[in-house]
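Chemist: A structural model of the following input is requested.
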Amino acid sequence: MSGHEQMSLVEHLTELRYRLIKAFQGIILGVGLSVYFSEEILSIIRRPVLKYLGPNGGLVFTGVMDKFMAHLKVGVLGGVILTCPYWLYHVWKFISPGLYKHEQRYAAGFIIFGTLLFMCGVSFVYFLVYPAAFEYLFTIGGDVDKPMITIDAYLSFFTMTTLLFGAAFELPVVLMVLALLGVIDSAFLKAKRRYAMVILAVVAAILTPPDGLSMIMMLVPLCLLYESSVWIIHFFIRPMGA
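Modeler: Here you go, the predicted model:
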């Protein structure tokens with residue numbers, strides 16, 4: 001591939017290891033800062049489910065270590081979100097040797113755009129999906145039965161779902177990187193649109209809580225992100241073989 005930096009498999013693996021370590025070190029710092037403010041962050045995390053909790057508005061815990069582990073989970077979630085630009089920078093540094101020199105100037109755009117998309121995914125699930133999903137899941141079949149939500153189960157669900165939504169919203173960044181590497185182009189994405197929609201529907205079904213509304217709320221923005229990626233790639237990135 002003319003114009004690209006050639007690296008052996010060992011060099012690629014060495015570079016991957018280095019970037020993973022550096023990204024992990026940054027996330028650990030973010031985790032430490034988030035744990036310090038974990039009580040405040042936990043208050044924010046409780047809000048989507050607050051009206052379904054007991055009179056004191058608290059989550060239930062039954063194990064000796066549950067509250068301690070809860071603060072660690074809060075720290076991990078906060079650390080990943082807080083350091084998003086930093087670990088995206090190391091993702092870019094890993095893939096940039098495979099790009100042409102003129103394509104490597106997109107670094108700032110990759111980090112800024114990737115961060116905004118990740119935060120959009122996190123905000124989308126927090127402000128739209130969680131309220132709709134919890135309203136359905138906790139009121140289905142009437143209000144005779146009352147939920148007893150444990151802090152361990154809720155935080156595991158919240159942390160995993162929030163990070164998965166953030167990652168899912170990185171779809172345009174992933175597609176644009178693949179286009180820059182010459183793996184796909186806009187014509188390919190247009191031709192495979194039907195298959196892509198099916199895959200996105202499966203992804204939406206896996207990532208969302210088990211109700212149809214949440215799945216649709218996830219699928220619609222993913223489809224819009226896919227379509228926007230097609231046109232961005234069409235106008236700004238050279239086709240394969242060009």
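
Chemist: name the helix or strand of the chain that has the lowest mean pLDDT.
Modeler: Ranking every helix and strand in the chain by mean pLDDT, DSSP states H and E puts helix 130-139 at the bottom, with a mean of 89.

Chemist: what helices and strands are in contact with that one?
Modeler: helix 212-236 (3 or more C-beta pairs under 8 Å, 6 or more residues apart in numbering; DSSP states H and E). In short, each C-beta sits where N, CA and C put it, glycine included.

Chemist: can you give the domain ranges for this structure?
Modeler: If you go by automatic domain parsing, the domain ranges for the chain are 1-150, 170-242.

Chemist: so how far is the last one from its chain's centroid?
Modeler: If I follow you right, that is domain 170-242. 15 Å (C-alpha atoms, centre = their mean, to the nearest Å).

Chemist: ok, residue 10 - how many residues close by?
Modeler: By other C-beta atoms under 10 Å, the residues close to residue 10 number 8.

Chemist: distance of it relative to residue 16?
Modeler: Residue 10 is 11 Å from residue 16, where distance means C-beta to C-beta, to the nearest Å.

Chemist: try residue 106
Modeler: Per C-beta to C-beta, residue 106 is found 20 Å from residue 16.

Chemist: name the residue in those two with the higher neighbour count.
Modeler: residue 106 (18 against 11).

Chemist: what residue in the protein is the furthest from its centre?
Modeler: residue 144 (35.9 Å; C-alpha atoms, centre = their mean).

Chemist: hang on, the earlier thing: now the domains of the chain in CSV, with distance to residue 164?
Modeler: Putting the domains of the chain into CSV (distance: least, C-beta to C-beta, whole Å) gives the following:
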stretch, distance to residue 164
domain 1-150, 8
domain 170-242, 5
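
Chemist: which of those domains sits closest to residue 157?
Modeler: Closest to residue 157 of the domains of the chain is domain 170-242 (C-beta to C-beta; 8.2 Å).

Chemist: mind checking the pLDDT average for that closest one?
Modeler: The average pLDDT within domain 170-242 is 90.

Chemist: quick one on the thing from earlier: quick one: closest of the domains of the chain to residue 162.
Modeler: Across the domains of the chain, closest to residue 162 is domain 1-150 (C-beta to C-beta), at 5.7 Å.

Chemist: ok, which stretches of the protein are helices?
Modeler: 9-36, 38-46, 66-82, 84-95, 107-124, 130-139, 151-168, 171-180, 186-191, 193-207, 212-236 (DSSP state H).

Chemist: for those, which one ends up most surrounded?
Modeler: Across the helices of the chain, averaging neighbours per residue (mean count of other C-beta atoms under 10 Å) puts helix 171-180 on top, at a mean of 21.

Chemist: on contacts alone, who are the packing partners of it?
Modeler: Using 3+ C-beta pairs under 8 Å, 6+ apart as the test, helix 171-180 ends up in contact with helix 107-124, helix 212-236.
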